[in-house]
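Asks: need a structure here:
(one chain, ligands or ions: 1)
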Amino acid sequence: MNCQEIEALKDAYADRELDLVRATEIERHLSDCPACSQAYENLRALRSALKSSDLYFKAPALLKRRLRESLGAENKDAPMPQRSNAPTLFWWQWLKWATPLAGTALIAVLLASALIRPSTDEQLAREVTASHLRSLMADHLTDVASSDQHTVKPWFAGKTDFAPPVKDLAAQGFPLVGGRLDYLQDRQVAALVYQRHKHFINLFIWPATRSSNATEKPAVQRGYNLIHWTESGMTFWAVSELNPAELREFAELIK
Ligand SMILES: [Zn+2]
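Replies: You can find the predicted model right below:
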């Protein structure tokens, strides 16, 4: 596992969302890599600071009083707390500062995670597109050339540590051309090649790091259309020069 992967997975790791194998790989990397280990410690420190009780305040008496005042006359008879109460004032001052600060910190964390995730996807989109282009240009589209799913699927056995689902979509106008081994973000992935008229579709498949099923919005990279989604524990990236509508149709058929 490399530093990039750690960066992408460290949130999930901190949330204990990863399986044992992944978590062990991350622990091994963190113990060897001071940079990642420091980044992870920073993340943990920020999280525990946000969770710590220092940011939790019981409403001070003065605040209650002001609320009552603003609620109108019905509470006029209720006893009022002492105004000239030094600790109360102290907490009130604290609250005035701490509340926006906590809010700002929370927004910063949310923004950071929102910004980090698309950039990982963008990086992957670039790699997926480059891989697609390479497969077409180097005339290395397939390692196993067959339109038969029962030939292509077993071919991956023993070559990958997972079994990619292989579907035959000839009847729906997307005949299977074959499969090959490829590498994305330093990991082995299965690439299935489908055809639509004169266009090729590369469908990259590898085990997902998140268990939830989700479809991300389609993207365009250097004029190529991409769709990616997670389903049944696998990540799927489809890329082609095919138009977005037909690529979406293809993705729906695969799902
Ligand atoms: Zn590292």
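Asks: how close does the residue in the stretch 151-255 of the chain that the ion sits nearest to sit to Asp15?
Replies: Among the residues of the stretch 151-255 of the chain, Asp186 lies nearest to the ion; the distance is 12.2 Å by C-beta to the ion. C-betas here are computed from N, CA, C, even on glycine. As judged by C-beta to C-beta, to the nearest Å, Asp186 and Asp15 stand 23 Å apart.
Asks: how would you label Ala238: helix, strand or coil?
Replies: strand (DSSP: H, G, I helix; E, B strand; the rest coil).
Asks: My error: substitute Leu133 in the last question.
Replies: Classified using three-state DSSP, Leu133 is helix.
Asks: That one: what's it in contact with?
Replies: Taking C-beta atoms under 8 Å, 6 or more residues apart in numbering as the criterion, Leu133 is in contact with Tyr224.
Asks: mind checking how far it is from the ion?
Replies: Applying C-beta to the ion, to the nearest Å, the value for Leu133 to the ion is 29 Å.
Asks: Just give me the neighbour total for the closest residue to the residue of the stretch 151-255 of the chain closest to the ion other than its chain neighbours.
Replies: Counting by C-beta to C-beta, 6 or more residues apart in numbering, Asp186 lies nearest to Asn2, which is 5.4 Å off, once chain neighbours are set aside. For Asn2, the tally of surrounding residues (other C-beta atoms under 10 Å) stands at 12.
Asks: Confirm for me that the residue of the stretch 151-255 of the chain closest to the ion is in contact with Cys3.
Replies: No - using C-beta atoms under 8 Å, Asp186 makes no contact with Cys3, being 10.4 Å away.
Asks: What average pLDDT does the helix or strand harbouring Ser70 get?
Replies: Assigned by DSSP states H and E, Ser70 falls within helix 61-71. The average of the pLDDT scores along helix 61-71 is 78.
Asks: For that helix, buried residues please.
Replies: By 16 or more other C-beta atoms under 10 Å, the buried positions in helix 61-71 come out as 61-62, 65.
Asks: Then stretch 174-182?
Replies: 174, 176-180, 182.
Asks: State the mean pLDDT of that stretch.
Replies: pLDDT averaged over stretch 174-182 gives 95.
Asks: how about the CA coordinates for it, as CSV?
Replies: What follows is stretch 174-182 as a C-alpha-only set of coordinates in CSV (Å, rounded to 0.1, in the frame of the first residue of the first chain):
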residue,chain,number,x,y,z
PHE,A,174,-22.7,-4.7,-26.2
PRO,A,175,-20.8,-7.8,-27.2
LEU,A,176,-18.0,-9.0,-24.9
VAL,A,177,-14.6,-8.8,-26.6
GLY,A,178,-12.4,-10.2,-23.9
GLY,A,179,-10.5,-9.4,-20.7
ARG,A,180,-7.0,-8.5,-19.5
LEU,A,181,-5.1,-7.7,-16.4
ASP,A,182,-4.4,-4.1,-15.7
